[in-house]
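J.: Using only what follows, build the 3D model:
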Amino acid sequence: MPACPAGVSVVLADDRLVRGLNVRHRGRNKATNVLTYEDPAPELVLALGVIRREAAAAGRRVAHHVAHLVVHGALHLLGYDHDHPGDARRMEMAESRLLHRIGVPNPWKPPLGKPAPGTKS
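T.: Numbers count the residues shown, from 1 in each chain. I've put the predicted structure just below:
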């Protein structure tokens with residue numbers, strides 16, 4: 001795996017700011033959990049409200065979800081994507097390996113007593 005660019009900025013923002021950036025740069029009128037920018041300098045912008053809601057819904061710690069999204073964004077900076085099933089699986093595997101190295105549970109496995117992500121109970 002190539003090294004992530006040095007000096008990546010991580011910005012914790014409110015949902016309103018992230019929604020505005022998402023509209024401006026991606027044409028999507030909603031806040032998203034993380035936006036990744038390469039220019040003019042590598043930057044990850046995290047929507048803290050979205051992250052808190054997602055973590056609560058998944059029964060995960062907010063800190064673990066933030067770590068997951070920082071890893072996710074860093075992988076985007078390295079050229080990973082999840083537009084196609086095979087690419088998504090490779091990215092998920094890389095995320096889980098990196099998160100394991102820093103002691104964060106695999107986000108693709110359900111916490112005890114919870115259904116797996118993307119499934120119904």
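
J.: Isn't residue 48 up against residue 11?
T.: No: using CB atoms under 8 Å, residue 48 is not in contact with residue 11, being 10.0 Å away. Every residue, glycine included, has its C-beta placed from N, CA and C.

J.: The two: which has the busier surroundings?
T.: residue 48 (18 against 15; other CB atoms under 10 Å).

J.: now the helices for this structure?
T.: All helices of the chain, identified by DSSP state H, fall at 15-26, 48-58, 62-77, 85-101.

J.: Low-confidence stretches in this protein?
T.: Flagging of the chain using pLDDT under 70 yields the residue ranges 1-5, 112-121.

J.: For the most centrally placed residue in it, which non-adjacent residue is spatially closest?
T.: In the chain, the C-alpha nearest the mean C-alpha coordinate belongs to residue 69, at 2.5 Å (CA atoms, centre = their mean). Of all residues not flanking residue 69 in the chain, residue 34 sits nearest, at 4.4 Å (CB to CB, 6 or more residues apart in numbering).

J.: same deal with residue 49?
T.: Excluding its sequence neighbours, the residue lying closest to residue 49 (CB to CB, 6+ apart) is residue 15, at 4.0 Å.

J.: Just give the number of residues close to that neighbour.
T.: As a burial measure, residue 15 scores 19 neighbours (other CB under 10 Å).

J.: same check, this time on residue 56
T.: 11.

J.: That one and residue 91, how far apart?
T.: Taking CB to CB, to the nearest Å as the measure, residue 56 falls 24 Å from residue 91.

J.: Check residue 107 too.
T.: In this view, residue 107 and residue 91 are 12 Å apart by CB to CB.

J.: Hmm, residue 77 and residue 38 touching each other?
T.: Yes: the pair residue 38 / residue 77 is scored as a contact, 6.4 Å apart, by CB under 8 Å.
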